[in-house]
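Asker: For reference, the sequence and a predicted model appear below.
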Amino acid sequence: MSYRFFKSSWSWVVPSIKRLHSFGSLTLTQRYRHISGFAGEFESWKSMEGLRRCSANHVPLSPITFLERAAKVYRDSTSLIYGSYNYTWAQTHQRCLKLASALSQLGISPGHVVATFSPNVPAMYELHFAVPMAGAVLCTLNSRLDSAMVSVLLTHSEAKVIFVDHKLLEIARGALDLLAKTNKKPPILILISKWDIDDTTQTSLEPGTYEYESFLETGHVGFEIRRPESEWDPISINYTSGTTSKPKGVVYSHRGAYLNSLATLLLHGIQSMPVYLWTVPMFHCNGWCLAWGLAAQGGKNICLRNVSPKEIFENIALHNVTHMGGAPTVLNMIVNSPDRKPLPHKVDILTGGSPPPPQILYKMEELGFRVTHLYGLTETYGPGTYCIWKPEWDSLPLAEQSKLKARQGMQHVGLEEVDIRDPVTSKPVPADGKTMGEIMFRGNTVMSGYFKDLQATEEAFSGGWFRSGDLAVKHPDGYIEVKDRLKDIIISGGENISTVEVETVLYSHPAVLEAAVVARPDNHWGQTPCAFVKLKEGFDVDAQELIRFCRDNLPHYMAPKTVIFEELPRTSTGKIQKYLLREKAKALGSLS
Ligand SMILES: Nc1ncnc2c1ncn2[C@@H]1O[C@H](COP(=O)(O)OP(=O)(O)OP(=O)(O)O)[C@@H](O)[C@H]1O
């Protein structure tokens, strides 16, 4: 300890000790407040002497630092594998610096939007760092969109550059042609072909178009990162899935991305140097924020172009995968696939995006997966709550465990609060497991707002909470359970029917592969439940059998009155498009 510090500390301590003696009966906090003289009836926090906010103790939070640290701590460890390609963290860091430098040489400045249109190839991972390192905002477009939607989102986001996977080139060109017709300046196209095509398609590139690898090589590693001035600065725009309306541009900040990345690592139990299989699309909520998060733990990113059960099982064995994620539809695909097999070791899998039927959770655990169930929206950076597992549940039968796990749980550490409140009065509903209300969020991992839509932003935040549009109950243990979307709930004879509950029963029938329940208008009841069902191969049951099965397992008013067998329409993120099914049910007319 230096003399100066010792002297100044001592001069502070002596009178403090004297004061401490005279207030011997106070609590520790009260004593501290008294001796440091800054709180309660004395003075406010802000006048506490000797403090200074400066670059030594205050840096805007940003996930960019995860990569910089990984390049030192995990320098020679593998950062990414794609087919026969692999990189170390030092290489990934250098490649991202070069890419950021190349972007800035192209004229990309802080605040500009850079779009991607690609599956989970290595470029997607690199762009998650390179774009914010150039000070720009990353906009990852869903790789399953068509030209028309891509052109709409490019117009809305005002992207200056778009990175396009070579297999999506035609769709992207179609989008740019549409833009040109509206006299909008199209973004510069950079083609991602390196990892799949040996001789680059350079020669077939149109003027003003670049190839990813040669573009990256124009940058230099000495690039000075354009760090956010404020942690509130935007880092990405994520468009919602468009399940209930047209996609909205949700803006994430550096701060929120940093916090949600860490929270997701924690809830997923990701320790140092995991092996992560990329089955969650990075375009969806930045891979639930793990595109950034894995750098914080020096993870090995196993990138996959196509996600199929065969590839999943092969990669798990080949790379010793420890963690992965997937929407319930991916889990359903795994448990019903002929390629499924017991795992060579435990794999932690995160699932969320729609309600996971307990039967599917059950079968996943039987195969050797350890499932963590999360719930959230694009507006909450993906994961917002999760079903925190309690050791006392381990001794319950697996079926019982799966029912508990199908609940959406409680908020993760990055969020302040999640509550179920009456959508009209905003008062909390009782924790009785019965009273439904709207799920509302508050905290640092809630979006900054909808890009260019202040009205929608204000509506979403009215009352000081973010309103999710989802209906849920709160159980006596505080865990929440989603019952429906506000737009999907069925009201029959004055009774609310949770379509999720009816679907859960349908999924428990051995012949049912997929099920979705919607409202069918009814002259007598107002609405009745109408089920759309896809059967497993080789099964043949009729509507009456499924209705009987539901009546045996649910109050009669909740059982579907109509069952239609067909393929279920899905959004590009795999969610069932209930509004399309509702239109079909409406076209059937009243049953009564
Ligand atoms: N674990 C879960 N259980 C039940 N529902 C879930 C779960 N996770 C997510 N969801 C549903 O997904 C929704 C969030 O989806 P996302 O943000 O991808 O866009 P979207 O709501 O489908 O699209 P849009 O807002 O454009 O209609 C939630 O509001 C909720 O309805």
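Answerer: That came through, no problem. Numbering: from 1, shown residues only.

Asker: What are the boundaries of the helices in the stretch 401-550 of the chain?
Answerer: 454-460, 499-507, 543-553 (DSSP state H, counting those that start in this stretch).

Asker: so who does the most centrally placed residue in the chain touch?
Answerer: Centroid check for the chain by C-alpha atoms, centre = their mean gives residue 382 as the closest residue, at 2.2 Å. By C-beta atoms under 8 Å, 6 or more residues apart in numbering, the residues touching residue 382 are 260, 264, 284-286, 288-289, 352, 374, 376. For the C-beta atoms, the positions are set from N, CA and C on the backbone; glycine is no exception.

Asker: Quick one: name the residues of the protein near the ligand.
Answerer: 240-245, 247-248, 352-355, 373, 375-378, 408, 468-470, 482, 485, 573, 575 (C-beta under 6 Å from any ligand atom).

Asker: 5 Å instead, please
Answerer: 240-244, 352-355, 375, 377-378, 470, 482, 485 (C-beta under 5 Å from any ligand atom).

Asker: Can you report phi and psi for residue 288?
Answerer: Phi and psi for residue 288, reported as degrees, to the nearest 10, are phi 50, psi 30.

Asker: If you could redo that for residue 556, that was the one I meant.
Answerer: Residue torsions, per degrees, to the nearest 10, at residue 556 are phi -60, psi -40.

Asker: Before we move on, what's the pLDDT of it?
Answerer: Here, the pLDDT recorded for residue 556 equals 93.

Asker: Would you mind measuring from residue 97 to residue 291?
Answerer: Plainly put, residue 97 is 17 Å away from residue 291 if you go by C-beta to C-beta, to the nearest Å.

Asker: and what of residue 459?
Answerer: With distances taken as C-beta to C-beta, residue 459 is found 29 Å from residue 291.

Asker: same check, this time on residue 550
Answerer: The gap separating residue 550 from residue 291 is 41 Å, by C-beta to C-beta.

Asker: again, but for residue 136
Answerer: Distance, residue 136 to residue 291, by C-beta to C-beta: 16 Å.

Asker: I figured residue 192 hits residue 120, correct?
Answerer: No - using C-beta atoms under 8 Å as the test, residue 192 is too far from residue 120 to be in contact (11.5 Å).

Asker: if we can go back for a sec, of the residues of the chain next to the ligand - the most surrounded one?
Answerer: For the residues of the chain next to the ligand, counting by other C-beta atoms under 10 Å, the largest number of neighbours falls to residue 375: 29 neighbours.

Asker: Now do the phi/psi pair for the residue lying closest to that residue once chain neighbours are set aside.
Answerer: In space, and not counting its chain neighbours, residue 375 is closest to residue 408: 3.7 Å by C-beta to C-beta, 6 or more residues apart in numbering. The phi/psi pair for residue 408 (degrees, to the nearest 10) reads phi -90, psi -10.

Asker: Cross-check the contact I'm expecting between residue 408 and residue 480.
Answerer: Yes - using C-beta under 8 Å, residue 408 is in contact with residue 480, at 5.1 Å.

Asker: could you list every residue that touches residue 547?
Answerer: Counting by C-beta under 8 Å, 6+ apart, residue 547 touches 559-561, 563.

Asker: Repeat that for residue 239.
Answerer: Residue 239 is in contact with 139, 141-142, 153, 247-250, 378, counting by C-beta under 8 Å, 6+ apart.

Asker: Which pLDDT value does the model give residue 30?
Answerer: Value listed for residue 30 in the pLDDT field: 41.

Asker: sorry, that was for residue 83
Answerer: Reported pLDDT for residue 83: 93.

Asker: Assign the closest residue to it other than its chain neighbours to helix, strand or coil.
Answerer: Excluding the flanking residues, the one nearest residue 83 by C-beta to C-beta, 6+ apart is residue 195, at 6.8 Å. Classification of residue 195 using DSSP: H, G, I helix; E, B strand; the rest coil returns coil.

Asker: Residue 497 contacts residue 558, doesn't it?
Answerer: Yes - contact status for residue 497 versus residue 558: in contact at 5.1 Å, counting by C-beta under 8 Å.

Asker: Determine the residues that are contacts of both of these two.
Answerer: residue 529.

Asker: These two: which is more packed in?
Answerer: More crowded of residue 497 and residue 558, by other C-beta under 10 Å: residue 497, with 25 against 21.

Asker: residues touching that one, list them.
Answerer: 489-491, 529, 557-558.

Asker: Okay, and residue 362 sits in which element?
Answerer: Element membership of residue 362 [criterion: DSSP states H and E] is helix 358-367.

Asker: Against which helices or strands is that helix packed?
Answerer: Counting contacts by 3 or more C-beta pairs under 8 Å, 6 or more residues apart in numbering; DSSP states H and E, helix 358-367 is packed against helix 328-335, strand 369-377, helix 398-405, helix 499-507.

Asker: who touches the second one?
Answerer: The set of residues that contact strand 369-377 without belonging to it, under C-beta under 8 Å, 6+ apart, is 240, 267-269, 285, 288, 331, 343, 346-352, 356, 361, 364-365, 382-387, 389, 405-409, 468, 470, 480, 482.

Asker: in it, what's buried?
Answerer: 369, 371-377 (16 or more other C-beta atoms under 10 Å).
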